[in-house]
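Build the 3D model from these lines:
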Amino acid sequence: MTLTLILTRHAKSSWGDADLDDHSRPLNKRGRASAKAIGRWLAAQGYVPDTVLCSDAARTRETWALIADKFIKAPKATYSRALYLANPETMLIALKSAETDTVMIVAHNPGSAFMARRLAITRHPHPKFQHYPTAATSVIEFDLDKWTEVDWGTGRVVDFVIPRELI
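Alright, predicted model coming up:
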């Protein structure tokens, strides 16, 4: 059986309102365009999640909403405070709780970058994979039966994209 993780870092956020705390920052114009582009790309490639685990920060929620809008039938996301600025270990715990074959996580850096690198059996050759810029998205497959079996170094990065390649 193959399990698939779609791992997306939130799109570019706005620093325009000094009164907003970090958790409340929305996407900026470029971020909104990037999230839409990632959604179009995922839909065109057939990468549609069954389950979405999303940080509860405004910028991750907005990223997911703009991506979801590009799917014919998008699943409802589960928003989690634990994924806000989460480290890879916390993200892995969340992933292991999943019960469907294709899971999407929308989260933050540095956790997303570290998680993608640590899950991969081999390093992905894309020059931006290490840095994982805003809205970067990996598709990682696991030849496993259950998410509880996933561990570091057990996944194959089958796709990786950044918004600048799409817009």
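
Buried ones in the helix ranked longest in the chain, by neighbour count?
Identified as the longest helix of the chain according to DSSP state H is helix 29-45. Neighbour counts over helix 29-45 (16 or more other Cβ atoms under 10 Å) mark 30-43 as buried. Where you see a C-beta, it was placed from the backbone N, CA and C, and this is true even at glycine.

Could you grab the helix/strand/coil label for the residue of the chain positioned farthest from its centre?
Within the chain, Asp19 marks the point farthest from the mean C-alpha position, 27.2 Å out by Cα atoms, centre = their mean. The local conformation at Asp19, judged by DSSP: H, G, I helix; E, B strand; the rest coil, is coil.

any chance you could map the strands in this structure?
All strands of the chain, identified by DSSP state E, fall at 3-9, 51-55, 77-80, 102-107, 137-142, 156-161.

Report the distance from the shortest one to the chain centre.
Distance, stretch centre to chain centre, for strand 77-80: 12 Å (Cα atoms, centre = their mean, to the nearest Å).

Partner strands of that strand and their direction?
For strand 77-80, the paired strands and their directions (DSSP bridges) read strand 51-55 (parallel).

The strand it pairs with versus strand 3-9: what angle between them?
30 degrees (axes from the mean of the first three to the mean of the last three Cα atoms, to 10 degrees).

pLDDT of stretch 7-21, averaged?
On average, the pLDDT along stretch 7-21 is 91.

And that stretch, what's buried?
7-14.

what about dumping the CA coordinates of it to CSV?
Taking Å, rounded to 0.1, in the frame of the first residue of the first chain, the C-alpha atoms of stretch 7-21 are listed here in CSV:
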residue,chain,number,x,y,z
LEU,A,7,3.6,18.9,2.9
THR,A,8,3.0,22.6,2.3
ARG,A,9,4.6,25.6,4.0
HIS,A,10,2.1,28.5,4.3
ALA,A,11,2.3,31.1,1.5
LYS,A,12,3.9,34.6,1.9
SER,A,13,2.3,36.5,4.8
SER,A,14,1.9,40.2,5.4
TRP,A,15,3.9,42.2,7.9
GLY,A,16,1.8,45.3,7.1
ASP,A,17,-0.2,45.6,10.4
ALA,A,18,2.1,46.1,13.3
ASP,A,19,-0.8,45.6,15.7
LEU,A,20,-1.3,42.0,14.7
ASP,A,21,0.5,39.3,16.6
